[in-house]
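Novice: Next input, structure requested:
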Amino acid sequence: MDKKVKIAIDLMGGENSPDKNIDGIELFIKRNKNLNDYFFYLFGNEDLINEKIKKKALKNFKIFDTKIIVSDDLPALSALKKGKDSSMWKTIESQNSLSVDVSLSAGNTGVMLVMSKMILKTLEDVDKPALAGLWPNKKGMNVVLDLGANIECSSKNLVDFSIMGASLYKSLYPQENPNVALLNIGSEELKGNETIKETFQIMNNKKSDSYNFAGYIEGNEIMNGDVNVIVSDGFTGNVALKTAEGTANFITSELKLALSGSIIGKFSSLLNISNLRKFKKRLDPRLYNGAIFIGLDAPVVKSHGGTDYFGFSNSISVCNKIVKGNLIKKINENIE
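Specialist: Reported below is the predicted structural model:
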């Protein structure tokens with residue numbers, strides 16, 4: 001794909017906006033110096049944005065003025081009442097009105113999902129869109145979905161998620177054919193509820209050149225790296241996500257406490273400072289920021305609301321990669 005990627009960004013969503021959003025764009029530009037590769041459509045309070053970008057090295061952008069912001073603590077229905085004039089709505093809507101390739105917001109997740117389904121069309125043969133995230137493993141990266149968009153799912157939904165997840169992985173890592181597995185309470189075929197067992201049978205009988213079906217995977221195997229795409233209903237996936245986040249925070253905080261609680265610990269940390277930095281970087285959630293709402297006719301990316309400019313910049317990179325990797329085309333080619 002050699003055309004310029006058009007990225008719409010809600011500058012008013014998330015904590016410390018628009019500062020962290022603007023700083024994230026600036027960092028992305030520093031990392032990606034070919035200005036022929038991308039163009040930004042920025043939505044928010046134009047007066048405030050212009051004031052903030054005076055001393056920034058921002059290029060290739062156009063600002064669209066909108067004064068209304070969707071609050072992070074606002075219920076979805078309340079947000080929708082005034083939503084059509086908000087920065088989030090305008091950002092997603094630009095994928096229709098301005099033929100933008102992908103939209104990005106760090107705002108309210110629930111509102112973003114509802115708005116996306118109202119504004120964009122569901123892909124043909126897809127019943128439900130899904131929210132997919134990127135998780136590190138021992139060998140590279142996992143795509144995990146659904147992370148909470150659909151609490152209840154049919155076998156058809158889980159099969160669709162498998163294909164869409166594999167397509168997402170291929171758009172990010174085009175040289176690899178992913179292994180796809182269903183998250184379950186055991187690896188035996190008889191384990192799990194009727195929906196997941198039915199999904200197993202369908203997936204096991206399908207033939208695909210774009211992914212390999214690896215059966216079931218248990219929660220304690222997610223980080224091993226033998227599977228690249230992990231599929232579940234939104235309830236299970238969200239529980240797994242929050243458990244992984246909590247475990248990572250617990251490990252890093254306990255390690256920090258152990259290494260700073262005594263003279264021996266402090267001396268040990270000095271001797272291993274290089275390895276500790278690598279460990280800290282590996283568990284840094286900012287490196288994996290950017291969940292992708294897939295199954296619609298255009299991708300929508302959700303940045304974590306509490307991330308900083310570094311994390312926001314990485315979510316812009318996700319936007320850029322999935323468009324260049326022809327995500328929507330890959331889904332359409334493989335979905336049934």
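
Novice: Tell me which helix or strand Ala132 sits in.
Specialist: In the assignment (DSSP states H and E), Ala132 maps to strand 130-136.

Novice: gap between that strand and the chain center?
Specialist: On the basis of CA atoms, centre = their mean, to the nearest Å, strand 130-136 sits 5 Å off its chain's mean C-alpha point.

Novice: Domain parsing of the protein, as residue ranges.
Specialist: For the chain, the structural domains run 1-121+296-327+332-336, 132-285, going by automatic domain parsing.

Novice: Can you show me the CA trace of whichever strand or helix holds Met115 as PDB?
Specialist: Assessed by DSSP H and E, Met115 sits inside helix 109-119. Output of helix 109-119 as PDB, limited to C-alpha atoms (Å, rounded to 0.1, in the frame of the first residue of the first chain):
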ATOM      1  CA  THR A 109     -14.600   3.200  25.700                       C
ATOM      2  CA  GLY A 110     -18.300   2.400  26.000                       C
ATOM      3  CA  VAL A 111     -19.400   5.600  24.200                       C
ATOM      4  CA  MET A 112     -16.800   5.000  21.400                       C
ATOM      5  CA  LEU A 113     -18.100   1.400  20.800                       C
ATOM      6  CA  VAL A 114     -21.700   2.600  20.600                       C
ATOM      7  CA  MET A 115     -20.800   5.600  18.300                       C
ATOM      8  CA  SER A 116     -18.700   3.400  16.000                       C
ATOM      9  CA  LYS A 117     -21.600   1.000  15.500                       C
ATOM     10  CA  MET A 118     -24.000   3.800  14.800                       C
ATOM     11  CA  ILE A 119     -21.800   5.600  12.300                       C
END
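
Novice: What is that helix packed up against?
Specialist: When contacts are defined as 3 or more CB pairs under 8 Å, 6 or more residues apart in numbering; DSSP states H and E, helix 109-119 sits against helix 76-81, helix 87-97, strand 291-294, strand 300-302. C-beta: built from backbone N, CA, C; applies to glycine.

Novice: Pipe those into JSON lines and attach distance to Leu147 per row.
Specialist: What follows is those, written out as JSON lines (distance: least, CB to CB, whole Å):
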{"stretch": "helix 76-81", "distance to Leu147": "17"}
{"stretch": "helix 87-97", "distance to Leu147": "19"}
{"stretch": "strand 291-294", "distance to Leu147": "6"}
{"stretch": "strand 300-302", "distance to Leu147": "10"}
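
Novice: hang on, the earlier thing: out of the domains of the chain, deepest packed?
Specialist: Most buried of the domains of the chain by mean neighbour count (mean count of other CB atoms under 10 Å) is domain 1-121+296-327+332-336; its value is a mean of 19.

Novice: Point out where the stretch 201-336 of the chain drops to low pLDDT.
Specialist: Within the stretch 201-336 of the chain, the segments meeting pLDDT under 70 span 258-283, 336.

Novice: which residues of it fall in helices?
Specialist: With DSSP state H, counting those that start in this stretch as the criterion, the stretch 201-336 of the chain has helices at 234-260, 263-271, 273-282, 309-324, 327-334.

Novice: Hmm, Ser87 is touching Ile9, no?
Specialist: No - using CB atoms under 8 Å, Ser87 makes no contact with Ile9, being 9.3 Å away.

Novice: Identify the contacts common to the two.
Specialist: Phe43 (CB atoms under 8 Å, 6 or more residues apart in numbering).

Novice: Which elements pack onto the strand holding Ala132?
Specialist: Helices and strands touching strand 130-136, by 3+ CB pairs under 8 Å, 6+ apart, are strand 141-145, helix 155-172, helix 234-260, strand 291-294.

Novice: For the residue positioned nearest the centre of the chain, give the beta-bridge partners.
Specialist: Centre of the chain computed as the mean C-alpha position; nearest residue by CA atoms, centre = their mean is Ala291, 1.3 Å away. Using DSSP bridges, the bridge partners assigned to Ala291 are Lys302.

Novice: Give the rounded mean pLDDT of the strand holding Ala132.
Specialist: Strand 130-136 shows a mean pLDDT of 92.

Novice: No further queries at this time; thank you.
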